[in-house]
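Colleague: model the following, please.
(2 chains)
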Amino acid sequence: MSKVAAELKYSVEHEWIAADGAGPSTIGVSAVAADALGDIVYVDLPDVGSTVTAGETCGEIESTKSVSDLYSPVTGEVTEVNTAAVDDPALINSDPYGAGWLFKVAVESEGPLLTAAEYAAANGGEL
Amino acid sequence: MTQNHTALYGEHEKAGASFTDFGGWQMPLKYSSELAEHHAVRNAAGLFDLSHMGEVWVNGPGAAAFLDYALAGKLSAVGLGRAKYSLICNADGGIIDDLISYRLGEEKFLVVPNAGNAATVAALLAERAAGFDVVVEDASSATSLIAVQGPNAETILLTLVPEDQHARVTELKYYAAVEVGITVNGAVQDLLLARTGYTGEDGFEIYLPNADAAALWQALLENGGAKGLIPAGLAARDSLRLEAGMPLYGNELSVSGHAYSAGLGPVVSLAKESDFIGKAALAAIKESGEGSTTGRKLVGLKGLGRRSARGHYPVLLAGAVIGEVTSGQPSPTLGYPVALAYVNVEHATPGTLLDVDLRGKAEPFEVVALPFYKRQK
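Modeller: Numbering: from 1, shown residues only, chains lettered A, B, ... in the order given. From the prediction side, this is the model:
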């Protein structure tokens, strides 16, 4: 069963967010979502310096079989994108909570977020 | 819709498969990574459960004449032990299914329709058999079908064949079938072995009773593991067949389409002496030039960017819609997106630059000759 990292918060759209103090928050997609998509082959991320809005699309994730919108769980300015994941999208499957992170945002406000336990209960993940 | 399970469902569960509905069947989509399964078939070998396909036996003195009437091809011209790809059409020339027929005797054929169409095809064949001296028997529910595909397929299969029968396997031609002794449950059984793949690789299909399917599956995995054999699901099967430029019923082929637009004109034998269902309509379509000088034609598209086209996406030329994608995804072997699409014939020449509307953004594609991938022999 797909892992749900206990220390993170989650959106209903399957993004995770590591809100660690005053600096920018790191955002990625959950293992549940990565496993459901299958082998990820392409990711389109927002530009550094652009503003993303909680609950709105900000990119795309493409697997061999399908393409999905990427939603931002927060509102704020994008400060960094993970070029390693853009160059090697398989990182999102192999290490969704680590090397496969997607982008960082200087958060102005958060959308509705779930705790790890709430997300796991709703999506069948394993804490 | 009821969910049918093949005799190998338990094996797929044991192997950790994730399942998908396909033609009313619960089939393995993938076991671990669909990319790894795809590469295994190209570089070593993959094991497929194709038991959802249909098996319809056509026996009797009138078998060849009957199939000449029921199908678009000239089945009476097929040599013993050979196979032929054909179409079953309606009176309008629409494609009801694409299927493979094996001639196993002068008066004995095995017709293999697609999973979702098997019952329809079996019923139609029975209906069309009226007036012919022939017996049509649908054996689909009793028959399993296991495929070993990839460059190591022959070596792996031979481990289960008695040495004095090895030549039957090694000398079996592409698009042919033969009875071969294969060891299942510790005993050598005569099973029907075919060499008619859908992956672009060399490989074999084995037809056998449901009761023996799990034992053969396990034996092949056990003997083939050292040769790189892994079970492969429908996701890999789809990306392999797309690279090989092979049409999929429901995507490229449908009852509202016809052979000439689909590039399957050579499959239709207008020259055969007998009448066949769809003949008049197909002759008129050919005469009209549809699929060659007018209308739309199935082409291959190579993505010039990294993003893939998907089924039903519009194909554009200078912003105007001139076609529609039927299948598309990234090609794991080639490393760029590939797609099949119907486009207006005037834009179907290889080298033509077109766009595909990828969810609101036009991305460049180039018309290329099919297949996208061809194995080195």
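Colleague: give me the distance between residue A:77 and chain B.
Modeller: 24 Å (CB to the nearest CB, to the nearest Å). In this view, the C-beta of every residue, glycine as well, is placed from N, C-alpha and C.
Colleague: so what's the residue count around that residue?
Modeller: Number of residues near residue A:77 (other CB atoms under 10 Å in any protein chain shown) recorded here: 16.
Colleague: that one - that's part of a helix, no?
Modeller: No: if the criterion is DSSP: H, G, I helix; E, B strand; the rest coil, then residue A:77 is strand and not within a helix.
Colleague: for the helix or strand bottoming out on mean pLDDT in chain B, which helices and strands make contact with it?
Modeller: The helix or strand of chain B with the poorest confidence is strand B:18-22; it has a mean of 93 (mean pLDDT, DSSP states H and E). Contacts defined by 3 or more CB pairs under 8 Å, 6 or more residues apart in numbering or on different chains; DSSP states H and E place strand B:18-22 against strand B:25-30.
Colleague: pull out the buried residues from the next helix or strand after the strand it packs on.
Modeller: Downstream of strand B:25-30, the first helix or strand assigned by DSSP states H and E is helix B:34-43. By 16 or more other CB atoms under 10 Å in any protein chain shown, the buried positions in helix B:34-43 come out as B:34, B:35, B:36, B:37, B:38, B:39, B:40, B:41, B:42.
Colleague: same thing with stretch B:260-276?
Modeller: By neighbour count with 16+ other CB under 10 Å, stretch B:260-276 contains the buried residues B:260, B:261, B:262, B:263, B:264, B:265, B:267, B:268, B:269, B:272, B:276.
Colleague: quick one: residues contacting residue B:29.
Modeller: The contact partners of residue B:29, taken as CB atoms under 8 Å, 6 or more residues apart in numbering or on different chains, are B:17, B:18, B:19, B:20, B:233, B:234, B:235.
Colleague: OK, contacts around the residue nearest to it when sequence neighbours are not counted?
Modeller: Leaving out its chain neighbours, the residue that sits closest to residue B:29 by CB to CB, 6 or more residues apart in numbering or on different chains is residue B:20, at 4.1 Å. Applying CB under 8 Å, 6+ apart to residue B:20 gives the contacts B:26, B:27, B:28, B:29, B:234.
Colleague: hmm, try it at 7 Å
Modeller: Residues in contact with residue B:20 (CB atoms under 7 Å, 6 or more residues apart in numbering or on different chains) are B:27, B:29, B:234.
Colleague: test my guess that the first one contacts residue B:234.
Modeller: Yes: the pair residue B:27 / residue B:234 is scored as a contact, 5.4 Å apart, by CB atoms under 7 Å.
Colleague: report the buried members of the contacts of residue B:29.
Modeller: For the contacts of residue B:29, a burial check counting by 16+ other CB under 10 Å picks out B:17, B:18, B:19, B:233, B:234, B:235.
Colleague: state the distance from the fourth one to chain A.
Modeller: Distance from residue B:233 to chain A, counting by CB to the nearest CB: 10 Å.
Colleague: what's the straight distance from one end of stretch A:83-97 to the other?
Modeller: 15 Å (CA to CA, to the nearest Å).
Colleague: what's in contact with that stretch?
Modeller: By CB under 7 Å, 6+ apart, the residues outside stretch A:83-97 that reach it are A:5, A:8, A:16, A:28-31, A:34, A:39-43, A:45, A:99-102.
Colleague: now with 10 Å?
Modeller: Contact with stretch A:83-97 is made by A:2-5, A:7-8, A:14, A:16, A:18, A:26, A:28-35, A:37-45, A:61-63, A:82, A:98-103, B:33, B:35, B:306, as judged by CB atoms under 10 Å, 6 or more residues apart in numbering or on different chains.
Colleague: nearest residue to residue B:280 in space, please, no chain neighbours.
Modeller: Nearest residue to residue B:280 in three dimensions, chain neighbours excluded: residue B:91, at 7.9 Å (CB to CB, 6+ apart).
Colleague: er, residue B:153 I mean
Modeller: Using CB to CB, 6+ apart, the closest residue to residue B:153 is residue B:203 (4.3 Å).
Colleague: what residues are up against that neighbour?
Modeller: If you count contacts by CB under 10 Å, 6+ apart, residue B:203 has them with B:41, B:45-48, B:147-154, B:156-157, B:174, B:194-197.
Colleague: beta partners of it?
Modeller: Beta bridges link residue B:203 to residue B:149 when assigned by DSSP bridges.
Colleague: the residue positioned nearest the centre of chain A pairs with what?
Modeller: In chain A, the residue lying closest to the centroid (CA atoms, centre = their mean) is residue A:28, at 2.2 Å. Following DSSP bridges, residue A:28 is listed with bridge partners residue A:16.
Colleague: with residue B:99 instead?
Modeller: Per DSSP bridges, residues listed as beta-bridge partners of residue B:99: residue B:86.
Colleague: just checking, it touches residue B:120?
Modeller: No: counting by CB atoms under 10 Å, residue B:99 stays clear of residue B:120, with 11.2 Å between them.
Colleague: overlap in contacts, these two.
Modeller: Both residue B:99 and residue B:120 are in contact with B:54, B:88, B:113, B:114, where contact means CB under 10 Å, 6+ apart.
Colleague: which pair of those residues spans the longest distance?
Modeller: Pairwise distances across the shared contacts of residue B:99 and residue B:120 (CB to CB) peak at 11.4 Å, for the pair B:54 and B:88.
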